[in-house]
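Asks: using only what follows, build the 3D model:
(2 chains, ligands or ions: 1)
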Amino acid sequence: MNDLTPTREQRTAALEGMGCKRKRVEDIRFTQGKGNYVDDVKLPGMLHGDFVRSPHPHARVKKIDDSAALKVPGVLAVITAETLKTVNLAWMPTLAGDVQMVLADGKVLFQNQEVAFVVATDRYAADDGINAVIVEYEPLPPLVDPFKSMDKDAPVLREDLVGKTTGAHGPRKHDNHIFEWTVGDKELTDAAFNKAEVKIKEMISYHRTHPSPLETCQCVCSFDKIKGELTIYGTFQAPHVIRTVVALIAKLPEQKIHVIAPDIGGGFGNKVGAYPGYICAAVASIVTGKPVKWVEDRIENLTATSFARDYHMTTEIAATKDGKVTGLRVHVLADHGAFDACADPSKWPAGFFNIVTGSYDFPTAHLAVDGVYTNKAPGGVAYRCSFRVTEAAYCIERAMDILAQKLNMDPAELRLKNFIKPEQFPYHSALGWEYDSGDYHTAMRKMMETTGYAALRKEQAEKRAAFARGETREIMGLGVSFFTEIVGAGPSKNCDILGIAMFDSCEIRMHPTGAGIARMGTKSQGQGHETTWAQIIATEIGIPADNIMVEEGNTDTAPYGLGTYGSRSTPVAGAAIAMAARKIKAKAQMIAAYKLEVHEDDLEFDIDGFRVKGLPEKFMSMKDICWAAYNSVPPGMEPGLEAVSYYDPPNMTYPFGAYLCVMDIDVDTGVYKVRRFYALDDCGTRINPMIIEGQVHGGLTEAFAIAMGQEIRYDDVGNVVTGSFMDFFMPTAVETPHWETDFTVTPSPHHPIGAKGVGESPNVGGVPAFSNAVNDAFSFLGSTHIQMPHDFWRNWKAAKDLGAVA
Amino acid sequence: MIPGSFSYHRPASVADAVKLLSDLGEDARPLAGGHSLVPMMKLRLATPAHLIDLHGIAALKGIRRDGQNLVIGAMTTQHELLASDDVARSMPILHEAALLIADPQVRYRGTIGGNVANGDPGNDMPALMMTLGATYRLEGPGGSRDVAATDFYQGAYFTALEPGEILTSVSVPVPAAGHGYAYEKLKRKVGDYATAAAAVVLTMAGGKVATCSIGLTNVHETPLLAADAAKAVIGTSLDAATLKKVAAAAEAIMAPAADARGPVEYRKHVGGVMVTRALQRAASVAK
Ligand SMILES: Cc1cc2nc3c(=O)[nH]c(=O)nc-3n(C[C@H](O)[C@H](O)[C@H](O)COP(=O)(O)OP(=O)(O)OC[C@H]3O[C@@H](n4cnc5c(N)ncnc54)[C@H](O)[C@@H]3O)c2cc1C
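Replies: Numbers count the residues shown, from 1 in each chain, chains lettered A, B, ... in the order given. Next up is the predicted model:
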């Protein structure tokens, strides 16, 4: 060896593999405005479609008169439910087993519902056309409050379901009832409550909000009459699922459907479902023989495509006097709006809400969820969280604080007392999950030490005394949150979407010069897959990440996968990537053995190639093996170096974290200041620490927005009043607090590289931290629970109701 | 969010603009920075058939001294106000308030003329102009006239502008040397209009308030001058009892609408808080 021979460290660093803060390769085009988004797709002769929408939340549609619209220059067609009926597409199936109107069929059920689709030569003409369509409505009484949906005299919303006593998830109790879902042992739980020394009960609401990605939902559909092929460019988080859904409902052969998801400007769950815009654009293209583009505007995105949350959770905990939890009972009233278009695995009408026992060792628990219809937009997507996991985390984390307050115990101490212990993993929860790994005590103690938790509590006590003496008008709150997520849907034993198991996939092809291309069934919307996926391969096979091109989103070239949402990409596709890479490595080993004239077992993998054990100078690099794969493979072996893996995970993964929010609130205006926010995340093996940090920053910012003001609100008569960024709280860099991040590492024992997924943790854990901080600030004035969102006026109102403001 | 069709005109002089406006009548609207008008057009809440873009008129730009007044051309952008040393030195409250309008992008385009002529109670400049005792120069088919800011606002989006008239400049008396000032604005985020805001300009003599004027933004369908509240502080040292009285006097003339910023009761309450805080801060910077 001479001085020029790279050291082991240098060889490892050159790969930019797992653990490396590799810069995001996709950002080169994004930061220069050179991304290729759906709205950048411009096809020859392309037409534009846009919707006539209902001004009423609930009304009968008496008549649609399109005669004036068809006279508007540039308008070519007006599609209504009657048009769609001729191709049997007036209604479409939802992911939750319900059906949804594509265009108003006799009735509208929420404000801004799609009523007619105007197709024109450009977007301006389409909008002029919309304004010329005359729709006659007969208003019906709106149903806005979910708690009144099952009243005897409640207006019946879904006339198509009248008389149906069973839905997709079992019996229905009322015409506006969708399903009841129960989990856990009721008798045991009731018994625990009967003999409980201490009990708390609170109705904890998680308000309706919206993922509101920067880029709205959009598509371009192009039908080739000669070939009978339909090409769809769209903002799809799950392109393969879209292809299958289109094949099933449009009765087109699946090989003739090409779904392409180009660059996507954020999804956060909003782009999982199928929307009327996609169907209408496809039908319009089939009818006109021209490509048709549909691009949602911001108001449409906020008010018509999938909302998130809207869970009203009556929560009870039973405990001993010294603070050991003995039982949990939760009833959820889930407001699904006009159609159940919730994006959950098919058998899970309330997602994985049964993770609601959180990080605590509850001996018994019982959960019941009732889903109901109201005159609101449909949806119920997982907004940067695994299915309904953020609702569950908020529910239990708020309830633990309420219990701590009742017991007069510190909330951190109560949590430490009830955590599942490291030696209890794999842990079977009372509501049916098997937690893979965790070390909650270490994470919590690290949070407390790093933030100086005890000193902060002392300062809070002093501030409270000063407030009581009238020396300050500011109150201080500490929001503790310790969450356990359940991500990586999912094992085929319990997860499918429309009958397709929720595996994911990877195909790797190595080229002769030591480079390669890798394709997956996932689809990045900003998560940085092009960067991190190459890092996994780099470490696994010893080829620099820079030499691996990652491609996703084209259903013709990518292997079938279920897409990106629910923090499933790393737990599922990440595993498929490692497994495919290991197949490549195994074949490479055989080639190296042949070339080095030794037995395979005499070789060991060494960073970027294979070495003969005991003979360090006998080494063949992966780069050279790639070349050999195309000219001198062992006799009987097929040439080439490719592999495919379809990974069906044995279990979910369970990331966790300890968060602390320190907040000051001015009681006279309700204005808050987030003084400090500390987030410790444990997502197992860390593939790219910089990307993790970016994900945590983004998720915390969303959590901040949701907890502190972001909501989709309807007035008493069903008008949506938060339809633009003027009123829908979208914080800018100015409002966003400074984030302190930290970590522990507890690998997943069943995942090939031990990774757990992190993209959604900060939203899940962040919301309770903010809300607990507000609630903690007010608790000494006598409150137990203040509902979110905690915007300025509501904070002031809380202070006023508690007598702190005259 | 796509506007209807309209025709576009770009006159080179005030006279041409006035002529276009009077010839085209009701269907024509002047276009300044477009940051209030264009959003309304995108929602089709405004559907002018003609836009008369004022950007081609050089005479409408610039900030100059005219004796004891600063005269600001209508097409001067909020960014240009912020960049002006003269404004920063002689009228720091104008600098402070301009900085609280929206974000840099909006301020590069939005003009003072558009802001004061718009008639939206959410605009920050109108109440400030009333507080400073500004007058607006209006030019129309019948010549020009000056209207005091205090006489200009008649209702939401309803002003003293007559058909065919444009606002060409704003003339603002420079406040006394050593005056105290503050613009306190409560908003939910950058880019939001005020939940409530208060402008205060005062002078102090011997630790007591000698003169005072108070303006209020977005707590009524028009901007307000809180005359009774201002009177109540004269001769006081802004003790707690006075501040309480003043806040109550200011709240008494407020009639905000309930909106996503909060219910009426809250918006009035924080309106009073903004007045109190603006008074305290103004007094603390007065010399
Ligand atoms: C996101 C956002 C946030 C904002 N936040 C604030 C805020 O916090 N505070 C605030 O004060 N403003 C705010 N604005 C409004 C902004 O300041 C506008 O620029 C301003 O209200 C209007 O000025 P303009 O030059 O853009 O006028 P335009 O939008 O062009 O015109 C507004 C109206 O005035 C008329 N007009 C314009 N100039 C004249 C003239 N010379 N003579 C007669 N009529 C005329 C027009 O016909 C139109 O009716 C915000 C705007 C946006 C987009």
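
Asks: how close does A:R675 sit to B:V270?
Replies: Distance of A:R675 to B:V270, given as CB to CB, to the nearest Å: 22 Å. Every residue, glycine included, has its C-beta placed from N, CA and C.

Asks: who has more neighbours out of the two?
Replies: With neighbours defined as other CB atoms under 10 Å in any protein chain shown, A:R675 and B:V270 compare such that B:V270 has more, 30 against 15.

Asks: now the most centrally placed residue in chain B, nearest residue through space, not along the chain?
Replies: Chain B has B:M125 as the residue nearest its centroid, 1.7 Å off, counting by CA atoms, centre = their mean. Setting aside the residues directly before and after it, B:M125 is nearest to B:N115 in space (CB to CB, 6 or more residues apart in numbering or on different chains), at 4.3 Å.

Asks: surely the one you found is in a helix?
Replies: Yes. Checked against DSSP: H, G, I helix; E, B strand; the rest coil, B:N115 lies within a helix.

Asks: follow-up on the earlier one: quick check: the residue nearest to the centre of chain B touching B:I112?
Replies: Yes. The criterion here is CB atoms under 8 Å, and B:M125 meets it with B:I112 at 6.1 Å.

Asks: the closest residue to chain A within the stretch 101-250 of chain B: which element?
Replies: The minimum distance from the stretch 101-250 of chain B to chain A, using CB to the nearest CB, falls at B:V190 (4.6 Å). B:V190 belongs to no helix or strand when assigned by DSSP states H and E.

Asks: I figured the residue nearest to B:M125 hits B:Q78, correct?
Replies: Yes. In this structure, B:N115 is within contact of B:Q78 by CB under 8 Å, at 7.3 Å.

Asks: against A:R676, how distant is A:G526?
Replies: 27 Å.

Asks: so what sits against both of B:N115 and B:Q78?
Replies: Shared contacts of B:N115 and B:Q78, defined by CB atoms under 8 Å, 6 or more residues apart in numbering or on different chains, are found at B:I101.

Asks: show me which positions of stretch B:199-212 end up buried.
Replies: For stretch B:199-212, the buried set under the neighbour-count rule, 16 or more other CB atoms under 10 Å in any protein chain shown, comprises B:199-204, B:209, B:212.

Asks: equivalent analysis for stretch A:342-360, please.
Replies: A:342-346, A:348-360.

Asks: swap in stretch B:61-76?
Replies: B:61, B:63, B:69-76.

Asks: again with stretch A:307-327
Replies: A:307-319, A:323, A:325-327.

Asks: just stretch B:186-203 next, same as before
Replies: So for stretch B:186-203, counting by 16+ other CB under 10 Å, buried means B:186-189, B:191-203.

Asks: give the rounded mean pLDDT of stretch B:266-278.
Replies: Mean per-residue pLDDT for stretch B:266-278: 98.

Asks: excluding chain neighbours, what is closest to B:T159?
Replies: B:G119 is the one closest to B:T159 (CB to CB, 6+ apart), at 4.6 Å.

Asks: apologies, that question was intended for A:E296.
Replies: A:T216 (4.0 Å).

Asks: what number of residues lie near B:S13?
Replies: Neighbourhood size, B:S13 [other CB under 10 Å]: 13.

Asks: next one: B:A12
Replies: So B:A12, with other CB under 10 Å, has 11 neighbours.

Asks: please report the distance of it from B:R137.
Replies: 19 Å.

Asks: give me the pLDDT for the residue of the stretch 101-250 of chain A found nearest chain B.
Replies: Distances between the stretch 101-250 of chain A and chain B by CB to the nearest CB are smallest at A:D127, namely 3.9 Å. Note for A:D127: predicted pLDDT of 96.

Asks: in a strand, that's where it is, yeah?
Replies: No. According to three-state DSSP, A:D127 belongs to no strand; its state is helix.

Asks: which single residue of the stretch 701-806 of chain A ends up nearest chain B?
Replies: A:W793 (3.0 Å).

Asks: same check on the stretch 351-500 of chain A?
Replies: For the stretch 351-500 of chain A, CB to the nearest CB, closest residue to chain B: A:R473, 10.0 Å.

Asks: relative to B:V233, how far out is that residue?
Replies: 21 Å.

Asks: in terms of neighbours, single out the busier of the two.
Replies: When A:R473 and B:V233 are compared on other CB under 10 Å, the one with more neighbours turns out to be B:V233, at 25 against 15.

Asks: tell me the pLDDT of the more buried one.
Replies: So B:V233 comes in at 98 (pLDDT).

Asks: repeat for A:V198
Replies: pLDDT, A:V198: 98.

Asks: show me what contacts the closest residue to it other than its chain neighbours?
Replies: In space, and not counting its chain neighbours, A:V198 is closest to A:A319: 4.7 Å by CB to CB, 6+ apart. Contact partners of A:A319, counting by CB under 8 Å, 6+ apart, are A:196-200, A:325-326, A:403, A:407.

Asks: try it again with 6 Å
Replies: A:198, A:325-326 (CB atoms under 6 Å, 6 or more residues apart in numbering or on different chains).

Asks: same check on A:A261?
Replies: A:A261 neighbours (CB under 6 Å, 6+ apart): A:236, A:239, A:523, A:553.

Asks: count the neighbours of the residue nearest to it when sequence neighbours are not counted for me.
Replies: Excluding its sequence neighbours, the residue lying closest to A:A261 (CB to CB, 6+ apart) is A:G553, at 3.8 Å. A count of nearby residues for A:G553, using other CB under 10 Å, gives 28.

Asks: ok, A:G553 - contacts?
Replies: A:239, A:261, A:523.

Asks: one more time with 8 Å, if that's ok
Replies: Applying CB under 8 Å, 6+ apart, the residues near A:G553 are A:236, A:239, A:260-262, A:264, A:523.

Asks: show me the two of the residues you listed that sit farthest apart.
Replies: Farthest apart among these by CB to CB are A:I260 and A:I264. That separation is 11.2 Å.

Asks: the longest helix in chain B is where?
Replies: When chain B is scanned for its longest helix (criterion: DSSP state H), the result is helix B:264-285.

Asks: report the buried residues of stretch A:791-805.
Replies: Buried, per 16+ other CB under 10 Å, within stretch A:791-805: A:791-800, A:802, A:804-805.

Asks: and the gap between A:K613 and the ligand?
Replies: 67 Å (CB to the nearest ligand atom, to the nearest Å).

Asks: neighbours of that residue, just the number please.
Replies: Considering only other CB under 10 Å, A:K613 is surrounded by 13 other residues.

Asks: run through the residues that contact it.
Replies: A:602-604.

Asks: keep only those that also lie close to the ligand.
Replies: Among those, not one lies near the ligand by CB under 6 Å from any ligand atom.

Asks: out of those residues, which is most surrounded?
Replies: For these, neighbours tallied by other CB under 10 Å; top is A:L603, 22 neighbours.

Asks: bridge partners for that one, pull those for me.
Replies: Note on A:L603: beta-bridge partners by DSSP bridges are A:V612.

Asks: quick check: the nearest residue to A:G694 once chain neighbours are set aside vs B:V174, distance?
Replies: Spatially, and ignoring its direct neighbours in sequence, A:G694 is nearest to A:G528 (7.5 Å; CB to CB, 6+ apart). Counting by CB to CB, the gap between A:G528 and B:V174 amounts to 55 Å.
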